[in-house]
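**Student:** output the structure for:
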Amino acid sequence: MRAFSQLLDDLVYTRSRNTKLKLIGDYLRETPDPDRGYGLAALTGTLDIPHVKPAAVRGLVAERIDPVLFMMSRDYVGDTAETVSLLWPKRTGEPSEVDDATVSISEALDRLRGASKVDAPQVLASMLDHLDASGRFALLKLALGELRVGINARLAKQALANAFGIDVEGVEEVWHGLRPPFTELFDWAEGRAGQPMVRDVPVFRPFMLAHPLEEPKVSLDDYAAEWKWDGIRVQLVHAGGETRLYSRTGDDISGSFPDIAEAFRTTGVLDGELLVRGEEQGVADVHGGAAASFNALQQRLGRKNVSNKMLSAYPAFVRLYDALFDGDEDLRELAWERRRPRLESFAAKLDPERFDVSQLIDATSFEELEDLRLNARDVSIEGIMLKRRDSPYVAGRRTGLWYKWKRDPLTADCVLMYAQRGSGKRSSYYSDYTFGCWTEGEELLPVGKAYFGFTDEELKWIDRWVRNHTVQRFGPVREVEKSLVLEVAFDSIHKSTRHKSGLAMRFPRISRIRTDKPANEADRVATLVSLVT
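**Tutor:** The predicted structure is shown next:
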């Protein structure tokens with residue numbers, strides 16, 4: 001436990017990506033099995049302790065820590081596990097079952113997993129009683145599965161690959177077929193066995209990604225043009241009689257889209273864009289079929305249980321981009337122009353209500369293509385993809401193979417209304433900003449919230465401004481004087497009944513601080529309404 005808690009401390013206070021890779025790699029090399037496997041599971045979000053949830057920890061906090069002190073401290077610290085670890089009253093004079101210097105992760109997990117739902121909180125409390133603050137922090141992070149130490153699953157896998165000199169894409173290929181503590185993975189990494197064989201399991205394969213188009217133009221003789229749709233990229237996998245739907249980050253989202261999973265019953269692996277049918281939303285049928293805005297898709301994202309009403313109101317489908325496997329045949333080494341007809345043949349066997357193929361763009365010149373891109377916003381398309389005709393399907397971004405040529409972002413001048421403390425390394429700063437625009441009656445209504453787009457120096461500047469211009473406080477949130485204008489960039493804007501303004505922005509980010517502009521000259525809600533797609 002001591003080694004893992006030290007790793008978490010080091011990661012929290014390290015910004016350098018390369019340093020984080022080395023820290024994780026050193027831990028994985030130096031820690032024995034099975035602890036390193038469970039540590040890797042925690043770092044990648046694949047560790048689950050069924051009877052220890054945030055509600056159980058809140059119950060322990062209510063028993064052991066003054067609630068006012070905890071609330072005020074949590075507001076300042078910005079992380080529940082860290083706050084509990086610092087405030088937990090360590091009991092002395094009692095026999096200890098746990099020594100923070102010698103207890104292993106696997107021992108701690110065995111105790112928590114072996115406890116019933118009723119007993120698990122007290123088992124956790126008993127361990128917290130006999131650990132120091134660093135050990136308590138590590139144990140709570142493991143138990144809750146909410147690390148928030150500035151890394152993601154991909155970085156942890158990359159650290160594993162770097163540490164043992166194996167291919168990270170090979171790790172991704174077998175990852176979803178393995179379970180903690182990943183004994184087979186470490187046997188391969190340390191040369192005791194070959195790469196684990198995952199058969200008849202619908203595992204995730206890394207996506208091929210595109211670079212933003214920075215060249216003035218490319219030759220349409222070498223590149224095919226295809227619409228880039230405004231949904232989320234997904235991978236459909238059917239193997240061993242089971243279907244899984246993966247997001248671009250490798251998360252299994254099949255449970256949120258059972259209608260898609262049930263409809264994909266042909267062995268293979270396809271790449272596409274998850275969308276919602278546009279007919280129900282009144283969207284015109286353009287470029288191969290009506291697709292609703294991202295806002296419609298968002299109604300279904302992240303839901304564990306999807307009602308029949310939701311399935312009917314927001315019918316999902318996948319617009320297919322590429323074929324990685326046809327049956328058991330791996331197509332990834334084939335050129336795009338050879339994979340495309342295989343994709344079309346595969347799609348012909350699928351339910352047309354759930355799957356179709358993204359249309360290619362018939363343009364005779366690059367200038368004609370540019371005109372089409374400029375008008376793409378009118379039909380809820382994100383932009384254009386340019387795919388080299390002889391490109392294989394390779395993981396990650398490879399220069400010169402695929403380009404994304406997105407439409408230019410929209411911008412609006414908005415007034416800062418509220419600021420909230422961030423989490424993790426931003427817990428000392430007001431870094432989450434709610435901003436609004438004016439109604440015709442001179443009322444300021446919230447139109448969005450953003451927490452990125454600014455530099456570290458700009459964050460410090462806005463944080464000072466918020467502290468000096470606060471008019472009311474609501475826990476971690478401050479209401480500020482309505483005088484600072486922020487230029488906000490966003491990809492699109494849609495109608496929404498969840499917000500008082502009736503609008504919701506897609507990917508809002510702060511692009512400029514407009515200290516030169518008076519607040520009363522910020523944009524009007526009506527202006528944003530005119531941009532709704």
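**Student:** break the chain down into its structural domains.
**Tutor:** 2-144, 208-406, 410-529 (automatic domain parsing).
**Student:** how about the strands in the stretch 101-250 of the chain?
**Tutor:** 208-209, 211-212, 223-229, 232-239, 242-247 (DSSP state E, counting those that start in this stretch).
**Student:** adjacent strands (with direction) for the first one?
**Tutor:** Based on DSSP bridges, the pairing partners of strand 208-209 within the sheet are strand 396-397 (parallel).
**Student:** what lies in contact with the strand it pairs with?
**Tutor:** E169, P206, M208, L209, A210, H211 (C-beta atoms under 8 Å, 6 or more residues apart in numbering). C-beta: built from backbone N, CA, C; applies to glycine.
**Student:** with stretch 51-60 instead?
**Tutor:** 80, 84, 112-113, 115-117, 120-121, 124-125, 128, 140, 143-144.
**Student:** hmm, try it at 7 Å
**Tutor:** 80, 84, 112, 115-117, 120-121, 124-125, 140, 143-144 (C-beta atoms under 7 Å, 6 or more residues apart in numbering).
**Student:** any stretches of the stretch 1-150 of the chain with poor pLDDT?
**Tutor:** Low-confidence segments of the stretch 1-150 of the chain (pLDDT under 70): 91-102.
**Student:** can you check the stretch 201-350 of the chain too?
**Tutor:** In the stretch 201-350 of the chain (pLDDT under 70), the answer is 279-289.
**Student:** please repeat the previous calculation with a cut-off of 50.
**Tutor:** Within the stretch 201-350 of the chain, no range satisfies pLDDT under 50.
**Student:** give me the most central residue, this structure.
**Tutor:** The centre of the chain sits closest to T249, judged by C-alpha atoms, centre = their mean, with a distance of 6.8 Å.
**Student:** now do that one against D322, distance only.
**Tutor:** Distance of T249 to D322, computed by C-beta to C-beta, to the nearest Å: 18 Å.
**Student:** what's the nearest residue to A290 if we skip its chain neighbours?
**Tutor:** G278 (3.2 Å; C-beta to C-beta, 6 or more residues apart in numbering).
**Student:** again, but for I24
**Tutor:** A159 is the one closest to I24 (C-beta to C-beta, 6+ apart), at 3.6 Å.
**Student:** just the pLDDT for that neighbour.
**Tutor:** pLDDT recorded at A159 is 96.
**Student:** give the buried residues for stretch 468-482.
**Tutor:** For stretch 468-482, the neighbour count (16 or more other C-beta atoms under 10 Å) marks H469, P476, R478, E479, V480, K482 as buried.
**Student:** could you identify the most distant pair in these?
**Tutor:** P476 and K482 (20.0 Å; C-beta to C-beta).
**Student:** all helices of the stretch 301-450 of the chain, in order?
**Tutor:** 308-313, 336-347, 366-374 (DSSP state H, counting those that start in this stretch).
**Student:** closest one to M197 among those?
**Tutor:** The minimum distance between M197 and the helices of the stretch 301-450 of the chain falls on helix 336-347, with 24.9 Å, by C-beta to C-beta.
**Student:** what helices or strands is that closest one leaning on?
**Tutor:** Applying 3 or more C-beta pairs under 7 Å, 6 or more residues apart in numbering; DSSP states H and E, we find helix 336-347 packed against strand 316-326, strand 355-357.
**Student:** what number of residues are in the vicinity of A263?
**Tutor:** Close neighbours of A263, defined as other C-beta atoms under 10 Å, add up to 19.
**Student:** run a quick neighbour tally on the residue nearest to it when sequence neighbours are not counted.
**Tutor:** Once flanking residues are discounted, A263 sits nearest to R354: 4.1 Å by C-beta to C-beta, 6+ apart. When neighbours are defined as other C-beta under 10 Å, R354 has 17 of them.
**Student:** and what of the one 10 residues further on?
**Tutor:** Using other C-beta under 10 Å, T364 has 8 neighbouring residues.
**Student:** look up the closest residue to it, ignoring the ones flanking it.
**Tutor:** Per C-beta to C-beta, 6+ apart, closest to T364 is L220, 7.9 Å.
**Student:** right, and that neighbour touches F366 too?
**Tutor:** Yes. Counting by C-beta atoms under 7 Å, L220 does reach F366; the two are 6.4 Å apart.
**Student:** what residues are bridge-paired with F355?
**Tutor:** V318.
**Student:** and it, what pLDDT?
**Tutor:** For F355, the model assigns a pLDDT of 97.
**Student:** ok so, going back, could the domains of the chain be laid out in a markdown table, adding distance to G177?
**Tutor:** Listed next are these as a markdown table, based on distance: least, C-beta to C-beta, whole Å:
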| stretch | distance to G177 |
| --- | --- |
| domain 2-144 | 12 |
| domain 208-406 | 10 |
| domain 410-529 | 31 |
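**Student:** of the ones you listed, which is nearest W175?
**Tutor:** For the domains of the chain, the distance to W175 is smallest for domain 208-406, at 7.1 Å, taking C-beta to C-beta.
**Student:** hey, C-alpha coordinates of stretch 310-323 in PDB?
**Tutor:** Extracted in PDB, the C-alpha atoms of stretch 310-323 (Å, rounded to 0.1, in the frame of the first residue of the first chain):
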ATOM      1  CA  MET A 310     -36.400   6.900 -24.700                       C
ATOM      2  CA  LEU A 311     -35.700   4.200 -27.400                       C
ATOM      3  CA  SER A 312     -38.700   5.400 -29.300                       C
ATOM      4  CA  ALA A 313     -38.100   9.100 -29.000                       C
ATOM      5  CA  TYR A 314     -34.300   8.900 -29.800                       C
ATOM      6  CA  PRO A 315     -33.800   5.900 -32.100                       C
ATOM      7  CA  ALA A 316     -30.000   5.400 -32.400                       C
ATOM      8  CA  PHE A 317     -28.200   4.200 -35.500                       C
ATOM      9  CA  VAL A 318     -24.600   3.900 -36.700                       C
ATOM     10  CA  ARG A 319     -23.300   5.600 -39.800                       C
ATOM     11  CA  LEU A 320     -20.400   3.300 -40.800                       C
ATOM     12  CA  TYR A 321     -17.000   4.600 -41.800                       C
ATOM     13  CA  ASP A 322     -14.700   1.500 -42.100                       C
ATOM     14  CA  ALA A 323     -14.300  -2.200 -41.700                       C
END
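**Student:** give the contact list for R426.
**Tutor:** No contacts exist for R426 under C-beta under 7 Å, 6+ apart.
**Student:** cool, L324 as well?
**Tutor:** Taking C-beta under 7 Å, 6+ apart, we find L324 in contact with R205, V269, D271, L331, R332, Y393.
**Student:** highest neighbour count among those?
**Tutor:** That'd be V269 among those, by other C-beta under 10 Å, with 25 neighbours.
**Student:** who is it paired with across the strands?
**Tutor:** Taking DSSP bridges, one finds V237, F325 as the beta-bridge partners of V269.
**Student:** can you pull the contacts of it?
**Tutor:** Neighbours of V269 in contact, by C-beta under 7 Å, 6+ apart: R205, Q235, L236, V237, L324, F325.
**Student:** and for P34, the neighbour number?
**Tutor:** When counting by other C-beta under 10 Å, one arrives at 18 neighbours for P34.
**Student:** likewise for F207?
**Tutor:** 23.
**Student:** how about V488?
**Tutor:** 26.
**Student:** could you do L503 as well?
**Tutor:** L503 has 22 nearby residues by other C-beta under 10 Å.
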